[in-house]
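Student: fold the following.
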Amino acid sequence: MPLSDVALSLLDRANTRRGSTESEALAAVLDRAERAEDLGYHRFWVAEHHGVPGIAGSAPAVLMAAAAARTRRIRIGSGGIMLPNHQPLVVAEQAATLEALHPGRIDLGVGRSLGFTAAVRDALRTGTEAADRFGDDLADLLAHLSGTAPVTARPRDHAATPVFVLATGAGVRIAARAGLAVVLGGPALVREGPAGGVAVLERYRAQFRPSSWWPAPYVVVSANVAVARTREAARRLLLPEARALALSRTRGEFPPLEPAELAEPDALPARERALVEESLAASVHGTAPEVRAQLEHLVERTGADELLVTGGAYDLDAQAASDRRLAALFGARRPDVTRTAGAVTPQ
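Tutor: Predicted structure coming up:
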């Protein structure tokens, strides 16, 4: 499948940067949303992280509202809102309100991740068992949105907001049974064997039950992507976040992004250095022809309907240039979506 037949979208986690404020990080997210619309990206999503020094995006519904107000056509969504942290009715009402304010432009991506630390989980009043309720919470959310629950999410004078599941293995099964779109990325995507991304997606398609939300399986593949004039420049664009991720796994804190020259892994302990290289190896980066070849292989391997580009950068100018180069690879045409009985159907 040529890249021009695949929808191209962006996810911005609202990374903070050394030497900048968190307010500036949020302003950069909104600036990027405007640029993404001008470049023809299909969706622009934000995420939910609590108590993380390196990420300012803690309230996705609020940030979605700001991004939708700054744009006119691009779809705005969550990648995602974590259901264990919220009452399903509240999430449904937030989505319904956003959809009423910006008809036909709002996406609701939900996940089952818990707070990163025990202190965050305590502050959110969620225990480790909260993730086990995800299937039930998702069913409640859909019922509130569709008007089949004792309490209906309002306002109601709008079409149904399409729902996506940010999935692990268990999440993929739940998404298939509920008839929802699925978003898959990270280590699972590149892993081989029964637990690998290709096998997981095959099971999703085989187990999918058509619903009023999605009449057919819909797969969004997420990946860190950087495009630059040279492969080394693309690597340097991804390096600050790769280092922050490594530190989060070994020291328990995801820090603000640092300039690439300060993020080189040479001075890190062996374990952290290996994690940085592992993160870079799982990303898609290089020159435009190199990235095109890698993405065409990824799309062919997974059968993806859409690519969701992730990854934060310290250098905002270089990130903007990467977004432009990537959009050019996909061409000006974007697959449209039309609403059919509350569902979102790729044309």
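
Student: mind listing the helices for the stretch 201-347 of the chain?
Tutor: 231-251, 260-263, 270-282, 288-302, 316-330 (DSSP state H, counting those that start in this stretch).

Student: for the last one, packing partners?
Tutor: With contacts defined as 3 or more C-beta pairs under 8 Å, 6 or more residues apart in numbering; DSSP states H and E, the packing partners of helix 316-330 are strand 7-12, helix 22-39, strand 219-227, helix 231-251, helix 288-302. C-beta coordinates here come from the backbone N, C-alpha and C atoms, glycine included.

Student: please save the CA atoms from it in CSV.
Tutor: Backbone C-alpha positions of helix 316-330 (Å, rounded to 0.1, in the frame of the first residue of the first chain) are rendered in CSV as follows:
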residue,chain,number,x,y,z
LEU,A,316,11.4,22.6,18.1
ASP,A,317,12.6,24.0,14.8
ALA,A,318,14.1,20.6,13.8
GLN,A,319,10.9,18.9,14.9
ALA,A,320,8.8,21.2,12.7
ALA,A,321,11.1,20.5,9.8
SER,A,322,10.7,16.8,10.4
ASP,A,323,6.9,17.1,10.4
ARG,A,324,7.1,18.9,7.1
ARG,A,325,9.3,16.3,5.5
LEU,A,326,7.1,13.5,6.8
ALA,A,327,3.9,15.2,5.4
ALA,A,328,5.6,15.5,2.0
LEU,A,329,6.2,11.7,2.0
PHE,A,330,2.5,11.1,2.4
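
Student: coming back round to it: mind putting the helices and strands packed on helix 316-330 in a markdown table, mean pLDDT and mean neighbour count included?
Tutor: Shown next, in a markdown table, are these (pLDDT from 0 to 100; neighbours: other C-beta atoms under 10 Å):
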| stretch | mean pLDDT | mean neighbour count |
| --- | --- | --- |
| strand 7-12 | 98 | 25 |
| helix 22-39 | 98 | 18 |
| strand 219-227 | 97 | 25 |
| helix 231-251 | 96 | 20 |
| helix 288-302 | 96 | 16 |
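
Student: quick one on the thing from earlier: between the helices of the stretch 201-347 of the chain, which one is nearest to His102?
Tutor: Of all the helices of the stretch 201-347 of the chain, it is helix 316-330 that lies closest to His102, at 22.2 Å by C-beta to C-beta.

Student: could you measure from the residue nearest the centre of the chain over to Ser20?
Tutor: Closest to where the C-alpha atoms of the chain average out (C-alpha atoms, centre = their mean) is Gly79, at 3.8 Å. Between Gly79 and Ser20 the computed distance is 23 Å (C-beta to C-beta, to the nearest Å).

Student: Leu142: neighbour count?
Tutor: Neighbour count of Leu142, defined by other C-beta atoms under 10 Å: 23.

Student: what do you get for Pro155?
Tutor: Pro155: 11 neighbours (other C-beta under 10 Å).

Student: again, but for Glu261
Tutor: Glu261: 10 neighbours (other C-beta under 10 Å).

Student: which parts of the stretch 101-250 of the chain are strands?
Tutor: Using DSSP state E, counting those that start in this stretch, the strands of the stretch 101-250 of the chain run over 106-111, 163-166, 181-184, 219-227.

Student: mind putting these into JSON lines with distance to Ala246?
Tutor: Below are these laid out as JSON lines (distance: least, C-beta to C-beta, whole Å):
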{"stretch": "strand 106-111", "distance to Ala246": "22"}
{"stretch": "strand 163-166", "distance to Ala246": "22"}
{"stretch": "strand 181-184", "distance to Ala246": "22"}
{"stretch": "strand 219-227", "distance to Ala246": "14"}
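
Student: and the nearest residue to Ala47 once chain neighbours are set aside, how close does it get to Arg35?
Tutor: Sequence neighbours aside, Arg13 is the residue nearest to Ala47 in space, at 4.8 Å (criterion: C-beta to C-beta, 6 or more residues apart in numbering). Remark: distance between Arg13 and Arg35 (C-beta to C-beta) = 17 Å.

Student: check His144 too.
Tutor: 34 Å.

Student: where does the protein dip in pLDDT?
Tutor: 169, 187-188, 190-195, 332-347 (pLDDT under 70).

Student: of all the helices and strands packed on helix 316-330, which one is nearest Arg177?
Tutor: For the helices and strands packed on helix 316-330, the distance to Arg177 is smallest for strand 219-227, at 15.9 Å, taking C-beta to C-beta.

Student: adjacent strands (with direction) for that closest one?
Tutor: Using DSSP bridges, strand 219-227 pairs in its sheet with strand 181-184 (parallel), strand 284-286 (parallel), strand 306-310 (parallel).

Student: and the angle from that strand to helix 231-251?
Tutor: 120 degrees (axes from the mean of the first three to the mean of the last three C-alpha atoms, to 10 degrees).

Student: which residues does the residue nearest to Glu241 when sequence neighbours are not counted contact?
Tutor: Leaving aside its sequence neighbours, Glu241 sits nearest to Gly312 (C-beta to C-beta, 6+ apart; 4.8 Å). The contact partners of Gly312, by C-beta atoms under 8 Å, 6 or more residues apart in numbering, come to 12-13, 15, 240-241, 257, 319.

Student: rewinding a little: can you list the helices and strands packed on helix 316-330 in JSON lines and add distance to Ala175?
Tutor: As requested, the helices and strands packed on helix 316-330 are exported to JSON lines (distance: least, C-beta to C-beta, whole Å):
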{"stretch": "strand 7-12", "distance to Ala175": "18"}
{"stretch": "helix 22-39", "distance to Ala175": "25"}
{"stretch": "strand 219-227", "distance to Ala175": "10"}
{"stretch": "helix 231-251", "distance to Ala175": "25"}
{"stretch": "helix 288-302", "distance to Ala175": "15"}
